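[1] My questions are about this predicted structure, shown below with the sequence.
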Amino acid sequence: EELIWWRELLRLELEKYRPNVLVALGNEALKALTSCAGITKWRGSILESSAIPQLKVIPSVRPAWIMRDNWEFYYISIRDFKRVAAESKSPERQLKEPEDEFIIGPSIEQAVDWLNHIQESKSPWYLDIETRGDTLTCFGLSSDARKGRAICVPIQTTTGPYWSVDEEAAIWRELSLAMGKNPYLRNQNIVYDLDYLLDHGCEPSGIDFDPMIGMNVAYPEFNKGLDFTTSIYTYYPYYKDEGKTWKKKVPDRKVWEYNCKDMVSTPKVSHGVLKDLSGDSLEEVCQKRSTAMLPIAIEMQRNRLRLNRGWHQKLAGLLMEEKFKVHSQLTELLSKDINVKSSIQVQKIIYDILRLPVKKKRVTGNVTTAENELKELRAAYPECDVLTLILKERHLRTKESNYINVKFDNDPDGSVYLGYMAVIGGTKTGRWSFSHSPKWRGSSPQTVPHVMRLMYEPPEGSVFWQRDLSQAEVRIVAWLADCKF
């Protein structure tokens, strides 16, 4: 009741003074003034208050939160407050994007016209797919030659194929031709989209730019997602909550509209990132260090890693033997059999029988036997063999479930492969990262322990090659410090 009373008092004051714009600092202020929640998502958006109609609200993070080791948001907040300054001049909206034109549920003529335009225009163009589960459901198109316009071409709907067989074949043929004739393809995280499109015979003749990779070069400490970059480089309000993973019950039209929104946001984000790269003389760095590597990443994804069944069985046997040995030692020490994955059983052994200090979660205050807490106890009590054996058996069981007892996809040739996705802009330092494939079952190759890598083979005619620069960090520090040797 007290909260409602204060909210009503705030509403009355705002009705009385009617400022041109209101700044909502933090999540609670955002929820009080709008129907939105999630300050890091909505910050920078120019919204209308749900409490007072026609009152502009611009959310931003609280300064106190920035000071708690979130300093990258200092620069982001400066951008937010520049918008506040512009909007404070009038009660009318000052910063807004022009009206966009979407083609949703197109005819075959409209779809082919767009693809023909891309082939002939030779202007930078953008392509983005949407998936349901692991199946491509539609793709969107936009072009720098048709600013503010986008089309979503459906492939699969909730009730089945959108096109006839001949029509869909024509669309894939025209898209393949567009990719071959126009090498100026751009999109956010283009490697993901091409992983699906290559299955349909659509191979690009060139990739001009990926704004996610560009952000990684220009601002490695910032978020690289399209939701964040849209808030920085455009005046579109946050919309990414509308969907990222689509389930069957989601209406087709909602998926298509979301796809078109991505298609008008991405060009503006791309131009903004390219401008910042140019201003900092980083265009060539981005091209040589990152964009030029995209064909290699795509080829790696296409080839995948083949499972060596012999080594897989051998490693499975060795792991089982080691797990049995450790479990037997633990059972002998405790004079009873326990399940090391059971937090209740481990709590009873650690805290009730061994009488070690109780560890609790910092947030909830609940008693815990999580790995980090058990490692802290082991560091304090190195003579406690029970702790060492519990941690060791847990690790062995995790390896077994994550890398041995994994379901893989069979290829038509009868081989088993590990699919994965390469992410060039995945780390702040510029190193590549690898994630689980959205299409194929299996584990991420980045987390496979060194010994377990024996069960994977390179594609036929290739070899594994590893290179590293010894003491790379020390060399960079010495170079930056201009040390003389």
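    Looks like it arrived, so ask away.

[2] May I have the one helix or strand Glu393 maps to as PDB, with CA atoms only?
    When elements are assigned from DSSP states H and E, Glu393 belongs to helix 385-399. Only the C-alpha atoms of helix 385-399 are listed here, as PDB (Å, rounded to 0.1, in the frame of the first residue of the first chain):
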ATOM      1  CA  ASP A 385      40.800 -37.100   1.200                       C
ATOM      2  CA  VAL A 386      37.000 -37.400   1.100                       C
ATOM      3  CA  LEU A 387      36.700 -33.900  -0.400                       C
ATOM      4  CA  THR A 388      39.400 -34.700  -3.100                       C
ATOM      5  CA  LEU A 389      37.700 -37.900  -4.000                       C
ATOM      6  CA  ILE A 390      34.200 -36.400  -4.200                       C
ATOM      7  CA  LEU A 391      35.500 -33.600  -6.500                       C
ATOM      8  CA  LYS A 392      37.400 -36.100  -8.600                       C
ATOM      9  CA  GLU A 393      34.500 -38.400  -9.100                       C
ATOM     10  CA  ARG A 394      32.200 -35.500 -10.000                       C
ATOM     11  CA  HIS A 395      34.700 -34.400 -12.700                       C
ATOM     12  CA  LEU A 396      34.900 -37.900 -14.100                       C
ATOM     13  CA  ARG A 397      31.100 -38.200 -14.200                       C
ATOM     14  CA  THR A 398      30.800 -34.800 -15.900                       C
ATOM     15  CA  LYS A 399      33.300 -35.800 -18.600                       C
END
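
[3] List the buried residues in it.
    Val386, Leu387, Thr388, Leu389, Ile390, Leu391, Lys392, Glu393, Arg394, Leu396, Arg397, Lys399 (16 or more other Cβ atoms under 10 Å). (C-beta placed from N, C-alpha, C; glycine too.)

[4] max-length helix in the protein?
    helix 252-279 (DSSP state H).

[5] what is the rounded mean pLDDT of that helix?
    Throughout helix 252-279, pLDDT has a mean value of 96.

[6] before we move on, what about stretch 379-386?
    Rounded mean pLDDT across stretch 379-386 is 94.

[7] Pull out the buried positions in stretch 142-162.
    142-143, 146, 149-157, 162.

[8] distance between the ends of that stretch?
    End-to-end distance of stretch 142-162 (Cα to Cα, to the nearest Å): 20 Å.

[9] for stretch 81-93, same thing?
    End-to-end distance (Cα to Cα), stretch 81-93: 15 Å.

[10] Run through who's touching it.
    With contact meaning Cβ atoms under 8 Å, 6 or more residues apart in numbering, stretch 81-93 is reached by 18-21, 23, 44, 46, 54, 56, 58, 60, 94-95, 235.

[11] for Gln115, phi and psi?
    Just so we're on the same page, residue 115 is Leu rather than Gln. phi -70, psi -40 (degrees, to the nearest 10).

[12] check contacts around it.
    By Cβ under 8 Å, 6+ apart, the neighbours of Leu115 are Leu141, Ile171, Glu174, Leu175, Leu177, Ala178.

[13] if we can go back for a sec, what's the helix holding Glu393 packed up against?
    Applying 3 or more Cβ pairs under 8 Å, 6 or more residues apart in numbering; DSSP states H and E, one finds that helix 385-399 contacts helix 309-334, helix 371-380.

[14] Out of those, which gets nearest to Glu2?
    Closest to Glu2 of those, according to Cβ to Cβ: helix 371-380, at 38.0 Å.

[15] got the contact list for the closest one?
    Ile350, Leu356, Pro357, Lys359, Cys384, Leu387, Thr388, Ile390, Leu391, Arg394.

[16] Now do the same contact list for the last one.
    With Cβ under 8 Å, 6+ apart as the criterion, the residues that contact Arg394 are Val340, Lys341, Glu371.

[17] How about the fifth one?
    Applying Cβ under 8 Å, 6+ apart, one finds that Cys384 lies in contact with Leu354, Leu356, Leu377, Arg378.

[18] Could you identify which of those has the most neighbours?
    With neighbours defined as other Cβ atoms under 10 Å, the most crowded of the contacts of Cys384 is Leu377; it has 20 neighbours.

[19] how near is it to Leu356?
    Using Cβ to Cβ, to the nearest Å, Leu377 is found at 6 Å from Leu356.

[20] got any residues that touch both of these two?
    Ile350, Cys384, Leu387.

[21] looking only at pLDDT, what's the mean for stretch 141-160?
    95.

[22] Export the helices and strands packed on helix 385-399 to TSV and append columns for distance to Ile424.
    Shown next, in TSV, are the helices and strands packed on helix 385-399 (distance: least, Cβ to Cβ, whole Å):
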stretch	distance to Ile424
helix 309-334	29
helix 371-380	31
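
[23] quick one, what contacts the residue nearest the centre of the chain?
    In the chain, the residue lying closest to the centroid (Cα atoms, centre = their mean) is Gly225, at 6.6 Å. Gly225 sits next to Met212, Lys240 when contact means Cβ under 8 Å, 6+ apart.

[24] List the strands paired with the helix or strand of the chain with the lowest mean pLDDT, with their directions.
    None of the helices or strands of the chain scores lower by mean pLDDT, DSSP states H and E than strand 409-410, at a mean of 75. Sheet partners assigned to strand 409-410 using DSSP bridges are listed as strand 416-418 (antiparallel).

[25] Would you mind listing the buried residues in the strand it pairs with?
    Buried, per 16+ other Cβ under 10 Å, within strand 416-418: Val416, Tyr417, Leu418.

[26] Kindly indicate which of these lies nearest Leu282.
    Leu418 (34.5 Å).

[27] who's that closest one bridged to?
    Leu305.

[28] Please tell me how far it sits from Thr427.
    For Leu418 relative to Thr427 (Cβ to Cβ), the value is 21 Å.

[29] So what's the residue count around the spatially closest residue to Asp280 that is not a sequence neighbour?
    Leaving aside its chain neighbours, Asp280 sits nearest to Ala218 (6.6 Å; criterion: Cβ to Cβ, 6 or more residues apart in numbering). If you count neighbours by other Cβ under 10 Å, Ala218 ends up with 23.

[30] going forward can the numbers begin at 54, since that is how I track them
    New numbering, starting at 54: the last item is Ala271.

[31] pretty sure Ala271 contacts Val338?
    No - the criterion here is Cβ atoms under 8 Å, and Ala271 misses it with Val338 at 9.5 Å.

[32] What residues does the residue nearest to Asp333 make contact with?
    Here Ala271 is in contact with Val326, Asp329, Leu330, Asp333, Leu335, Cys339 (Cβ under 8 Å, 6+ apart).

[33] which phi and psi does the fourth one have?
    According to degrees, to the nearest 10, the main-chain angles of Asp333 amount to phi -100, psi 10.

[34] quick one: low-confidence ranges for the stretch 154-303 of the chain?
    Within the stretch 154-303 of the chain, the stretches with pLDDT under 70 are 296-298.

[35] need the helices for it, in chain order.
    Assigned by DSSP state H, counting those that start in this stretch, the stretch 154-303 of the chain shows helices spanning 161-174, 218-234, 243-250, 264-271, 279-286.

[36] Distance to Lys367 added to these, as TSV?
    Formatted as TSV, those follow (distance: least, Cβ to Cβ, whole Å):
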stretch	distance to Lys367
helix 161-174	51
helix 218-234	43
helix 243-250	31
helix 264-271	39
helix 279-286	44
